[in-house]
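# return atomic coordinates for the entry below.
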Amino acid sequence: MKSFAALMKAFTAARQPAADGAPLTARDLYAAAADATVILEAASGVIVDVNPAAEALLGMPRSVAVGQTLAGLLVAEAAATLAAAAARAHAQGRAPPFRGLTRDRTREVELSVSSVRAEARGYLLVHLAPATRAGAAAAPPEAKALALIAGAAESFLVTNPELRITYCNPAFVRLAKVASEQQAEQQPLTRWLQLPPAALARLSAQMAAREAVTVLHAVLVDGAKGIHAVEVHAVAVPDGADSCFGFWIRPADHS
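So this is what the prediction gives:
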């Protein structure tokens with residue numbers, strides 16, 4: 001699915017601290033992403049977070065990077081291109097990748113900028129890769145994320161805009177008590193998840209507004225008629241024919 005990578009980028013905007021020993025969360029995917037990711041405040045361009053891969057690529061720890069502008073870490077030409085890419089991402093959701101040199105001229109990187117919103121605030125997600133690696137025949141970064149999701153303790157699934165399931169991980173299969181992932185695919189999410197009309201309307205508005213993450217409380221009824229109170233983290237990725245929703249589903253009393 002073309003929008004899977006965009007979905008993973010959007011989930012990073014929900015970066016919640018993960019307690020020791022907690023099941024895999026969106027924050028873990030962000031930290032473990034194969035590609036270096038920098039999160040900028042959209043209005044100022046100031047770095048608000050970097051993952052470990054970005055720390056290594058930029059050659060500085062998170063404590064030093066946060067609070068600086070990413071443009072300030074690039075040569076002037078690359079900084080100008082970043083500003084143009086940010087404007088395009090703000091208007092269209094994402095911008096084509098481009099290459100630039102770090103300010104010390106020791107690293108050439110490829111940058112890809114996308115825009116998301118979380119809690120009514122705008123952010124830019126900048127994914128970076130060494131220019132020598134960019135475009136190389138290798139597994140795409142989202143392949144690693146997909147592998148993490150497949151082994152996650154929490155349920156994760158993707159639906160089309162009509163809420164029909166296009167992907168689910170084994171944890172959802174176990175929670176919903178279905179025979180296999182394939183048996184759940186193309187089925188309406190509402191077959192298992194009871195969402196009130198207000199929540200469904202909120203999801204539709206979220207898709208139109210390109211909102212990053214919505215937290216819903218719902219009831220999941222499994223295949224054996226067991227009832228589970230759950231917390232649902234939903235992210236919308238408006239992308240034309242490839243638009244989709246992603247859902248993390250966890251017990252409502254999850255700590």
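# distance-wise, check residue 251 relative to residue 158.
To residue 158, residue 251 is 21 Å away according to CB to CB, to the nearest Å. For glycine as for every other residue, the C-beta is placed from the backbone atoms N, C-alpha and C.
# who has more neighbours out of these two?
Neighbours per residue (other CB atoms under 10 Å) separate residue 251 from residue 158, with residue 158 holding more: 22 against 15.
# if we ignore the residues flanking it in sequence, what's nearest the more buried one?
residue 167 (4.3 Å; CB to CB, 6 or more residues apart in numbering).
# how many residues are close by that neighbour?
Quick note: residue 167 (other CB under 10 Å) scores 20 neighbours.
# is residue 56 in a helix, a strand, or coil?
The three-state assignment at residue 56 reads helix, by DSSP: H, G, I helix; E, B strand; the rest coil.
# count the neighbours of the closest residue to residue 39 other than its chain neighbours for me.
Among residues not flanking residue 39 along the chain, residue 49 sits closest, at 4.4 Å (CB to CB, 6+ apart). Neighbour count of residue 49, defined by other CB under 10 Å: 19.
# so residue 49 belongs to a strand, correct?
Yes: Residue 49: assigned to a strand according to three-state DSSP.
# list the contacts for residue 188?
Residue 188 sits next to 162, 163, 164, 165 when contact means CB atoms under 8 Å, 6 or more residues apart in numbering.
# try 6 Å this time
163, 164 (CB atoms under 6 Å, 6 or more residues apart in numbering).
# ok, it to residue 226 distance?
Look at residue 188 and residue 226: by CB to CB, they are 19 Å apart.
# and the helix or strand residue 247 falls within, which strands flank it?
Element membership for residue 247 (DSSP states H and E) is strand 244-251. Here strand 244-251 is paired, per DSSP bridges, with strand 155-159 (antiparallel), strand 227-237 (antiparallel).
# tell me how many other residues crowd residue 76.
11.
# was I right about residue 101 contacting residue 73?
No: in this structure, residue 101 is not within contact of residue 73 by CB atoms under 6 Å, at 10.2 Å.
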